[in-house]
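[1] Whatever this is, show me its structure:
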Amino acid sequence: MLPSRCAFVSAIIAAHQGSGRRLCLPARHLQCRADAVDAWLRSHALDNLQELEFYFCCAKHCDPELVIEALLPPPASIFRFSSTLRAATISNCYLVDDMVETLRFPHLRKLALMCVKISEVSLHNIISGCPGLECLLLSTISSIRCHRINSTTLRSIGIRSSSEQLIIEDAPMLERLLYLEMNMQMQILVISAPKLETLGCIPEKYTDSKIVFGSTVIQGLRIDSLATVVRTVKILSIHMLFFDQDMVIDLMRCFPCLEKLYAKEKSWPWDGNPWHRKNWDLLTSLDFRLKTIVLRCYHGTRLQAHFATFFVQNARMLESMILEVESCDYNGDFFEKQHEMLQMENRASRGARLSFTTGCHHDVSGIMHVDDLDLADPFACRC
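    From the prediction side, this is the model:
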């Protein structure tokens, strides 16, 4: 921000009548314009601030991990609103232990920490100091190998991190657990989250990553051990190398009450025949509760059509199958051909409808704001 712009911001804050409710600034000013930021934050016009956002925009081709190592602490005035804040996004700074040790945010409902350096102890102190926290976004957090979550109020967690572990020890109200971007070897252990309904997006390509529910282990997207079923999960999003019925059937055995499935294939569809029907004998015993299936990056290949047809003919409660296609395929001829290939006249659910939409490339990996964690279905296209 140029000096003249800093003066302009100072003038706006100084001229503001009454109490300011929300302040939103680029996070880079915490490093390069710390004195100006400190002066703004100390203004009486912001005494009862409810929303504070220092948003992070990483420069193109810039490694966030390298940026984090050079970060400085923010001015102490950044926390003078702890008693009034309802939502906070803190980015691009080093939160030292002494600065956050005694912090309390009695009214904070939404918190995002993005591209920050912080210790595991300090992160725990911040979370425990927010008795009403409902949404937590952790993005590119340095110096922490393991995130431990203990909160009686959290409803949504979004994580984009290079940490090795995420442990949900006790989260009785947690409804949404979103992996915005996973470490290739990240292990996620869910010990207690009895209300978890929304999960994803789980990538198949990271075969060394694990998600553990009790004694059930999901490695990549494959069930390594199925000893505990998770009946609360109703919405699941997955990224697959190719649409694989066996893999989805295994996941449905793990999540037997699944109602909504988002499946995305890699950009270049493969048209081989990988399904060996290992679960063919289970089909009669499986209770398909799927109501909505969204297939992304759908090109109408033989394998993709075979995958979609399987659910059309076996999901008796299916209400909607949505195929996200490229704009060149969004035409009547393509629609008619897919109706024929998917054998919609033989659908198991007479109320099931097939619809098409052009791919908007919506993905939870694009979530950069804590407000997005509050959506009932964060995977749904909102274009």
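[2] number of nearby residues for Ser163?
    When neighbours are defined as other CB atoms under 10 Å, Ser163 has 20 of them. Where you see a C-beta, it was placed from the backbone N, CA and C, and this is true even at glycine.
[3] doesn't it fall inside a strand?
    No - according to DSSP: H, G, I helix; E, B strand; the rest coil, Ser163 belongs to no strand; its state is coil.
[4] just checking, it touches Ile149?
    No - using CB atoms under 8 Å, Ser163 is not in contact with Ile149; the gap is 12.0 Å.
[5] Sketch out the low-pLDDT regions of the stretch 201-350 of the chain for me.
    267-286 (pLDDT under 70).
[6] which stretches of it form strands?
    Taking DSSP state E, counting those that start in this stretch as the test, the strands found in the stretch 201-350 of the chain are 210-213, 216-219, 222-225, 235-240, 260-265, 292-296, 320-325.
[7] nearest residue to the most centrally placed residue in the chain other than its sequence neighbours?
    Residue closest to the average C-alpha location in the chain (CA atoms, centre = their mean): Leu178, at 3.2 Å. In this structure, Leu178 finds its nearest non-sequential neighbour in Gly158, 4.4 Å apart by CB to CB, 6 or more residues apart in numbering.
[8] give me phi/psi at that neighbour?
    Main-chain dihedrals, Gly158, degrees, to the nearest 10: phi -120, psi 130.
[9] doesn't Ile149 make contact with it?
    No - if you go by CB under 8 Å, Gly158 and Ile149 don't touch, sitting 12.0 Å apart.
[10] Now for these two: what residues contact both?
    With contacts defined as CB atoms under 8 Å, 6 or more residues apart in numbering, the residues shared by Gly158 and Ile149 are Leu136.
[11] Tell me where the stretch 201-350 of the chain has helices.
    245-254, 302-314, 332-341 (DSSP state H, counting those that start in this stretch).
[12] could I get those helices as a markdown table with distance to Leu323 and mean neighbour count?
    Converted to a markdown table, these look like this (distance: least, CB to CB, whole Å; neighbours: other CB atoms under 10 Å):
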| stretch | distance to Leu323 | mean neighbour count |
| --- | --- | --- |
| helix 245-254 | 16 | 20 |
| helix 302-314 | 7 | 20 |
| helix 332-341 | 7 | 13 |
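[13] need these in JSON lines with distance to Phe54, can you?
    JSON lines is the format used below for those (distance: least, CB to CB, whole Å):
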{"stretch": "helix 245-254", "distance to Phe54": "38"}
{"stretch": "helix 302-314", "distance to Phe54": "43"}
{"stretch": "helix 332-341", "distance to Phe54": "46"}
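[14] beta partners of the residue nearest to Leu178?
    Leu137, Leu178 (DSSP bridges).
[15] separation between it and Leu136?
    To Leu136, Gly158 is 7 Å away according to CB to CB, to the nearest Å.
[16] Give the full set of residues in contact with the residue nearest to the centre of the chain.
    Shown in contact with Leu178 (CB under 8 Å, 6+ apart): 156-159, 198, 200-201, 364, 367, 373, 378.
[17] And Leu113, by the same measure?
    If a contact means CB under 8 Å, 6+ apart, then Leu113 has 90-91, 95, 123, 126, 137-139, 141 as its contacts.
[18] got those residues as JSON lines, with distance to Gln31 and pLDDT columns?
    JSON lines is the format used below for the contacts of Leu113 (distance: CB to CB, whole Å; pLDDT from 0 to 100):
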{"residue": "Ile90", "distance to Gln31": "13", "pLDDT": "94"}
{"residue": "Ser91", "distance to Gln31": "10", "pLDDT": "92"}
{"residue": "Leu95", "distance to Gln31": "13", "pLDDT": "93"}
{"residue": "Leu123", "distance to Gln31": "21", "pLDDT": "92"}
{"residue": "Ile126", "distance to Gln31": "20", "pLDDT": "94"}
{"residue": "Leu137", "distance to Gln31": "21", "pLDDT": "95"}
{"residue": "Leu138", "distance to Gln31": "20", "pLDDT": "92"}
{"residue": "Ser139", "distance to Gln31": "17", "pLDDT": "87"}
{"residue": "Ile141", "distance to Gln31": "17", "pLDDT": "82"}
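[19] from these, which is closest to Asn314?
    Nearest to Asn314 among the contacts of Leu113: Leu137, at 37.2 Å, using CB to CB.
[20] What count of nearby residues applies to the residue nearest to Leu178?
    24.
[21] any idea how far Ser225 is from it?
    Gly158 sits 27 Å away from Ser225 when distances are taken as CB to CB.
[22] Repeat that for Ala87.
    Ala87 is 40 Å from Ser225, by CB to CB.
[23] between the two, who's got more neighbours?
    The residue with more neighbours, out of Ala87 and Ser225, is Ala87; 19 against 12, by other CB under 10 Å.
[24] before we move on, the earlier item: what's the closest of the helices of the stretch 201-350 of the chain to Ala112?
    helix 245-254 (29.5 Å).
[25] Check which helices and strands the closest one sits against.
    Helix 245-254 sits against strand 216-219, strand 222-225, strand 235-240, with contacts defined as 3 or more CB pairs under 8 Å, 6 or more residues apart in numbering; DSSP states H and E.
[26] buried set for the longest one?
    Across strand 235-240, burial judged by 16 or more other CB atoms under 10 Å covers 235-240.
[27] same thing with stretch 196-205?
    For stretch 196-205, a neighbour-count test (16+ other CB under 10 Å) marks 196-204 as buried.
[28] now swap in stretch 179-194 and tell me
    In stretch 179-194, counting by 16+ other CB under 10 Å, buried: 179-183, 186-190, 193.
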